[in-house]
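[1] sequence plus the predicted model coming up.
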Amino acid sequence: MVEGDRENGCVEDGTEDLERGEDGRNKDITEAGVVGDEKLRWCKFCKMTQPLRSKHCLECRQCTAKYDHHCFWIGTCVGERNHGMFLIFLFFQSWEAVWAQHLVYTGFESNNKYDRSWKTWYDHNMFVMPVYVLLFCFMWFPLGLLAYHTVLAATNQTTWEAFRAGNISYLKKIPRTVLPFDRGIVGNCNPSLPLLSPP
């Protein structure tokens with residue numbers, strides 16, 4: 001058994017649970033519409049057969065089920081068991097960035113009715129303006145990540161599969177336009193929600 005954090009979808013050596021055909025190949029691969037003659041991968045670090053869509057993370061030193069990516073912000077891998085929480089984390093980071101932007105905007109002092117010159121406005125707001133511009137630039141990072149990961153969740157893809165499909169054994173023979181794990185938006189998003197996913 002692999003030791004590690006089960007919160008992120010750490011894979012345990014449960015290869016006896018995999019339904020296999022007569023030739024020892026995983027039936028899930030065929031059912032998912034992936035190349036039917038593809039064998040499951042062997043993890044040389046964990047000394048186990050990796051389930052479909054899992055990957056070994058060198059940072060965490062464990063295999064992660066439905067591996068998305070290793071996130072240095074949360075200090076662990078994003079995988080099957082914490083992907084929904086990662087989306088919630090991105091939502092609150094985005095909300096916090098937009099809220100901070102709004103707070104700084106309310107700190108701007110408008111020109112008074114007697115002196116409407118640009119210089120007067122700048123003199124009153126010269127310390128607020130750089131903070132506003134900096135926050136405006138950084139606000140797009142969490143918003144962009146939230147939008148990207150929402151699209152990935154809606155199409156049942158992972159970041160690893162989206163970026164490295166040509167190098168992943170079970171995806172390299174499939175055209176980029178085909179999403180083999182797509183079950184429709186509702187079917188794809190339900191497993192990503194932490195309250196609806198199994199423990």
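    All right, it came through fine.

[2] after whatever helix or strand Ala153 lives in, next one along is what?
    Ala153 is part of helix 128-154, with elements assigned from DSSP states H and E. Next along the chain after helix 128-154, taking DSSP H and E as the criterion, comes helix 159-164.

[3] mind checking how far that following helix is from the chain centre?
    Remark: helix 159-164 is offset 10 Å from the chain centroid, using CA atoms, centre = their mean, to the nearest Å.

[4] my guess is Leu135 meets Ala97, correct?
    Yes: contact between Leu135 and Ala97 holds when scored by CB atoms under 8 Å: they sit 7.1 Å apart. Quick note: C-beta positions are derived from backbone N, CA and C, even for glycine.

[5] which parts of the protein belong to which domain?
    1-81+158-183, 84-154 (automatic domain parsing).

[6] how near is His69 to Leu145?
    From His69 across to Leu145, the span is 11 Å (CB to CB, to the nearest Å).

[7] burial count for Gly79?
    Gly79 is flanked by 31 other residues according to other CB atoms under 10 Å.

[8] and the next helix or strand past the worst-scoring helix or strand of the chain on mean pLDDT?
    Ranking every helix and strand in the chain by mean pLDDT, DSSP states H and E puts helix 27-31 at the bottom, with a mean of 43. Using DSSP H and E, the next helix or strand after helix 27-31 towards the C-terminus is strand 42-43.
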